[in-house]
Structures are given as structure tokens and as C-alpha cells.
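*Asks:* sharing a model that was predicted from the sequence below.
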Amino acid sequence: MGHILELKNVRKEYKDFTLKDISFTLDRGYIMGYIGPNGAGKSTTIKLIMNLLKKDDGEIRIFGLDNIKHEREIKQRIGFIYDQNHFYDELTLKQMKKIISNFYSNWDDNLYREYIKRFNLREDKKIKELSKGMQMKFSLVLALSHNAELIIMDEPTSGLDPVFRSELLDILMDIIQDENKAIFFSTHITTDLEKVADYITFINDGKLVFSKAKDEILDEYGIVKGSKDILTEELKENFIGIRDNKFGFEALTAKADKLKRIYKDNLIIERASLDDIMLFTIRGNDKNV
Ligand SMILES: Nc1ncnc2c1ncn2[C@@H]1O[C@H](COP(=O)(O)OP(=O)(O)OP(=O)(O)O)[C@@H](O)[C@H]1O
């Protein structure tokens, strides 16, 4: 079976910003996290995928179909959740559901009731009475009730407390258990991804840094620590970013295995977190190292 989501050389130009050459694929049964600093182009990419923005170049295929030509069919099969209340405040969940369910040909009311119960939501509550977390849950209920195969979310965990975030992440992991669905979501909270993501796509300043399996990333990358007297030009060539610390230097490498083989016990190489990878990649080198 083909990819559930595929971007090929996608480009979008704004006056002061260009998203360029964004390519990656996502398959059924997996969760992909989309990370990058503020202004990197995450929301722009998501809007392009959802055809809320017009791209300047490239190709976006969802379920193997062109996202513009087949927009109607695709949207029937997608659950799109973004970080803004897009419901009518004065309506109850029940009334809102009635409106939304009309859009979807494969709406399943039994499934809807099951999820409302499971997520502890009350249908007689008004939208405006829901907390941010409850709104997120309600959005997910709606996505799941029309049997969305691909769930796309723009920063779903931002503003949620740790307990609720953890509950949401468990729900996401549960959703992909049937191996027919996939989830793509942007976030700043990399620890969430360490918990649930199978793949990580990282962009910086509109450009793709990598799109890879999380385990592969965590194997390849490492934080190298040592005193400055071992810092040769040859060693430095293996670093993505380097900075001073109290004891010498600290650097990010994407060649942890190779360095372990060559330098054995003469170098300390620790596991890099996704935060380390983002920080070092974005900041690059300290001028004075
Ligand atoms: N309509 C627009 N016109 C011009 N520039 C825009 C427009 N929308 C976004 N941009 C610019 O595109 C860049 C990327 O924005 P985008 O919202 O995609 O980033 P992001 O990675 O989602 O950021 P954040 O993590 O802060 O939400 C920013 O520099 C932003 O100023």
C-alpha cells in the first residue's frame, strides 16, 4: 500500500519567508511529530497539506491522491485539529455534533457515543464551558467518529497540563493500534514525541533538517563532551554544533557510533535528546570554540 501522506519538494513563498523543498512520507500505523522553532514553517506546511493555502511548487498526496484535485474526498477521510476553538461557543456539544456529522458520509453515531463516554465529556455542556483540554478531546471525538484514517493536528498539546497531555498521548497511541490510521502533528514539546512518535520531521527556517525514524535519530545523534585539548579539526568535522562549557566543550554529532569506534574511552558521548538536537542544530557553533 502507498503512503498515507506524501510531500514532494513543497514550496511556499511569503515576502520575508520561504518554505522550500519540503519532502517526507508517512505510512499507516505510525505517528509522526513535526518539530521546529517558532516561525520555522510548521503551521504553513499543515495549511498547505489541508489546502487552506496555495502552494507555489511541489506535490502533496494524501491516500495517494492529489490534495487539491481530490480535496472533497480527502477531507471526508481526515480529522483536522488545530489550536483554536473553531466551534460555536453558544451551542452544546450535542448541537455541534449534529451540524458536524452532516458533513460526513461515513459518520458513525455509535462510535461517537462510545468516545464521548470514554473521554468523559458531557453532551449537554456548551462549547464555551469546555476547558482547552476538553475542547481538544471533543475535536478528537469528532475526528474518530467519522472514521478519520489520517489525523492532522497543529500543536495539540500546547497549553495542556502534564496530566491531560499524558492522557491525550495515550489516546493517540491507542488510535494507531489498528494499523490503518496515521497521525501527523506539530509540537514544541519534544518530550511528548519521545513518548509517542515513531518518526520525527524537523524543519528549521523553512528547510527540512531531517525526516527519520525516532529510534534511528536517537541512535545516530550524541552529545560529545571533553576537554579542549582533544578538540582537533578532524574531530570538529563530525560536529553539527559546538559550545563552551565549564569543563571544556560540548557538541552535537550525528555520527555517535563512528566516534565511539575511533575514540573509544577518550571521549564521553551521551545520548542526545530531541531538545539537544534542535538546540544545537539551530544555534550552530559558538564563535569562541
Ligand atoms: N500570511 C502570511 N504572510 C506573510 N508571512 C507569513 C504569513 N503566514 C506566516 N508567515 C511567515 O511564515 C513563517 C512561518 O510561519 P509558521 O506559522 O508556519 O511557523 P511555525 O513553525 O508554525 O511557528 P510557531 O511554532 O511559532 O507556530 C513566519 O516567518 C511567518 O511570519
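*Replies:* Thanks, I have it.
*Asks:* please identify the helix or strand for the nearest residue to G133 once chain neighbours are set aside.
*Replies:* Sequence neighbours aside, F164 is the residue nearest to G133 in space, at 4.2 Å (criterion: CB to CB, 6 or more residues apart in numbering). All C-beta atoms are positioned from the backbone trio N, CA, C, and that covers glycine. In the assignment (DSSP states H and E), F164 maps to helix 162-175.
*Asks:* go on, I22?
*Replies:* Going by DSSP H and E, I22 is in strand 18-26.
*Asks:* what's the distance between F17 and the ligand?
*Replies:* Going from F17 to the ligand by CB to the nearest ligand atom, to the nearest Å gives 4 Å.
*Asks:* E71: neighbouring residues, count only.
*Replies:* Residues near E71, counting by other CB atoms under 10 Å, number 15.
*Asks:* my bad, I176
*Replies:* 18.
*Asks:* is it true that it touches D27?
*Replies:* No - judged on CB atoms under 8 Å, I176 makes no contact with D27 at a distance of 10.7 Å.
*Asks:* what do the two both touch?
*Replies:* Listed as contacting both I176 and D27 by CB atoms under 8 Å, 6 or more residues apart in numbering are A182.
*Asks:* which residues of the protein score low on pLDDT?
*Replies:* For the chain, applying pLDDT under 70 flags the ranges 1, 83-85, 285-289.
*Asks:* sec struct for the most far-flung residue of it relative to its centre, please.
*Replies:* Most distant residue from the mean C-alpha position of the chain: D229, 39.6 Å away (CA atoms, centre = their mean). Assigned with DSSP: H, G, I helix; E, B strand; the rest coil, D229 falls in the helix class.
*Asks:* quick one: it and the ligand, what's the gap?
*Replies:* Applying CB to the nearest ligand atom to D229 and the ligand gives a distance of 40 Å.
*Asks:* over to T201?
*Replies:* 12 Å.
*Asks:* likewise for K228?
*Replies:* In terms of CB to the nearest ligand atom, K228 sits 35 Å off from the ligand.
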